[in-house]
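I'll drop the sequence and a predicted model, then ask my questions.
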Amino acid sequence: MRSVLHMHLDETKHCFVCGPDNPKGLKLEPYIENENAVVASYVAPDYLCGFEGILHGGMHCALMDCMSLWASYLQGKPAVTTEFNVKLLKPVFTGQEIYLRSEIVSEDNDSVVVRGEIRNTQKELCTVSEIRAKIKKRGRKPKEVAKVVEGEAKAKANVTEPDSRIMKTRTGYIQGYNAQAAVNRGQIILAADVTQEANDVHQLHPMTEEAQQELKAAGVEYEIEIELADAGYWSERNLAELSPTDPEFLIATTKDWKQRKAMRGQGAPRGRIPEHLSPRERMERKLLTKRGKSLYKLRSQMIEPVFGQIKSRGGDTFMRRGLEAVRSEWRLICATHNLLKLFRSGDSKFVQVRTIAKAPACA
């Protein structure tokens, strides 16, 4: 039977009963019996007792609640418990293996009814439960058609810069463009581009290809081996579209502060990679390895200072209008950034040219 752990959402990984990331949780691991049912076995530690050696009645409820919601989730219907009925038929002893099972018995458009049971080591029925859970509706509530039509009628365009788009930033919304850059470890910009898309997810492969072409055009022999990117570039489709010539990717699957928190709170995974992991889980596991941690922490040291330095020199606004004009302006800004880096680096070839040029004036 297949475990359900690979199906965990970010919001359920800290569940007290089954969450793999909850250090104080029960670490229950349900398995899929069929499309409507889940099963699990569990040995309750002594500290979960009510009377000495007997599992606390509240823990019966917690275990059954979690198992029942997993049965609903198997149907692709995340739900929250609204009614809970339980009968405690026999005591369940701590330190002994018990067996749990939950199965959907009925459902309608907005709720499911799940029955569960707990059996002791002798397979005797100890607990019976019946839970009604309301199915969680995903996404925002659809807007009324009349309001959508009315909104389109009132839509406005930027008459001075029609190519620009509304972009969300940390401080609010602006009318602008999405400026992209790919840099190396020395904070030298290898590729630069401007797009009208507010999201970065479609820019991963185009920026990678552009960086490779720029290196080839410059006569640089080495190839890009590893590419680091933040969560804005993450999608399973991006990984599925990898070609043999693409570098190895390390892409955050959540926001940077969440990624750093996860890296601090979890140890490096060991052993072989489980076969059932999804592409997202494989990437998360890869980032938690010692190698993944040491490499990914370089991302903020490489790209963030570049944008900070450009903005500090007044590069946070564009003077030209139109996508192509703005693109050429951004590439000029990036070129001046590289020249400044080269000048301040004390590169021997650059110093030699400057010395020759200044010699007559100093004589």
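On my side now, so go ahead.

So what pairs up with residue 189 in the strands?
Residue 189 has the following beta-bridge partners by DSSP bridges: residue 183.

ranges for the strands of the stretch 201-350 of the chain?
Secondary structure of the stretch 201-350 of the chain, counting by DSSP state E, counting those that start in this stretch: strands at 226-229, 248-251.

Spit out the contact partners of residue 119.
98, 99, 100, 101, 125, 126 (CB atoms under 8 Å, 6 or more residues apart in numbering). Backbone N, C-alpha and C define where each C-beta goes, glycine included.

quick one: it from residue 127, how far?
Residue 119 is 8 Å from residue 127, where distance means CB to CB, to the nearest Å.

about what we covered before: among the contacts of residue 119, which are in helices?
Secondary structure of the contacts of residue 119 is defined by DSSP state H; no position falls in helices.

Out of those, which comes closest to residue 74?
For these, the minimum distance to residue 74 (CB to CB) is 13.0 Å, reached by residue 101.

what about that closest one, how many neighbours?
By other CB atoms under 10 Å, the residues close to residue 101 number 18.

got a list of what it touches?
The neighbours of residue 101, taking CB under 8 Å, 6+ apart as the test, are 33, 37, 38, 39, 40, 67, 116, 117, 119.

Would you confirm that the fourth one contacts residue 3?
No: applying CB atoms under 8 Å, one finds residue 39 not in contact with residue 3, separated by 10.9 Å.

what do those two both touch?
Jointly contacting residue 39 and residue 3 under the rule CB under 8 Å, 6+ apart are 30, 31.

Compare these two (neighbour count), which wins?
In terms of neighbours (other CB under 10 Å), residue 39 is the more surrounded of residue 39 and residue 3; the figures are 17 against 14.

Can you report phi and psi for that one?
For residue 39, the backbone dihedrals are phi -130, psi 160 (criterion: degrees, to the nearest 10).

still on that earlier bit, with respect to residue 343, which of the strands of the stretch 201-350 of the chain lies nearest?
Distance to residue 343, taken as CB to CB, is lowest for strand 226-229 among the strands of the stretch 201-350 of the chain, at 26.3 Å.

which strands and helices sit next to the closest one?
Packing partners of strand 226-229 (3 or more CB pairs under 8 Å, 6 or more residues apart in numbering; DSSP states H and E): strand 248-251, helix 290-296, helix 298-302.

Can you tell me which of these is packed in deepest?
Neighbour counts (mean count of other CB atoms under 10 Å) averaged over each of these peak at strand 248-251, with a mean of 18.

give me the low-pLDDT residue ranges for the stretch 251-363 of the chain?
Low-confidence segments of the stretch 251-363 of the chain, defined by pLDDT under 70, span residues 256-267, 347-363.

hmm, try it at 50
For the stretch 251-363 of the chain, the stretches flagged by pLDDT under 50 are 348, 350-363.

need the helices and strands packed on strand 226-229 in JSON lines with distance to residue 171, can you?
Shown next, in JSON lines, are the helices and strands packed on strand 226-229 (distance: least, CB to CB, whole Å):
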{"stretch": "strand 248-251", "distance to residue 171": "25"}
{"stretch": "helix 290-296", "distance to residue 171": "26"}
{"stretch": "helix 298-302", "distance to residue 171": "20"}
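
Any idea which of those gets closest to residue 283?
Across the helices and strands packed on strand 226-229, the minimum distance to residue 283, taken as CB to CB, is reached by strand 248-251, at 6.2 Å.

Give me the contacts around the closest one.
Contacts made with strand 248-251 from outside it, assessed by CB under 8 Å, 6+ apart, are listed as 204, 225-231, 233-234, 238-239, 242, 283, 286-287, 292, 295-296, 299.

mind listing what the nearest residue to residue 236 once chain neighbours are set aside touches?
For residue 236, ignoring the flanking residues on the chain, the nearest one in space by CB to CB, 6 or more residues apart in numbering is residue 279 at 4.6 Å. Counting by CB under 8 Å, 6+ apart, residue 279 touches 236, 239, 240.

related to what we said a few turns ago, I'd like the strands of the stretch 201-350 of the chain laid out as JSON lines, including distance to residue 49.
Rendered in JSON lines, the data for the strands of the stretch 201-350 of the chain read as follows (distance: least, CB to CB, whole Å):
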{"stretch": "strand 226-229", "distance to residue 49": "49"}
{"stretch": "strand 248-251", "distance to residue 49": "46"}
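
Show me the protein divided up by domain.
Domain assignment of the chain by automatic domain parsing yields the ranges 2-135, 165-345.

any chance of these in a markdown table, plus distance to residue 145?
Below are the domains of the chain laid out as a markdown table (distance: least, CB to CB, whole Å):
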| stretch | distance to residue 145 |
| --- | --- |
| domain 2-135 | 22 |
| domain 165-345 | 23 |
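
Go through those and pick out the most buried.
Using mean count of other CB under 10 Å, the stretch among those with the greatest mean number of neighbours is domain 2-135 (a mean of 17).

Could you tell me which strands sit next to whichever strand or helix holds residue 87 in the sheet, and their orientation?
Counting by DSSP states H and E, the element that carries residue 87 is strand 79-88. Each strand pairing with strand 79-88, determined using DSSP bridges, is listed with its direction: strand 125-135 (antiparallel).
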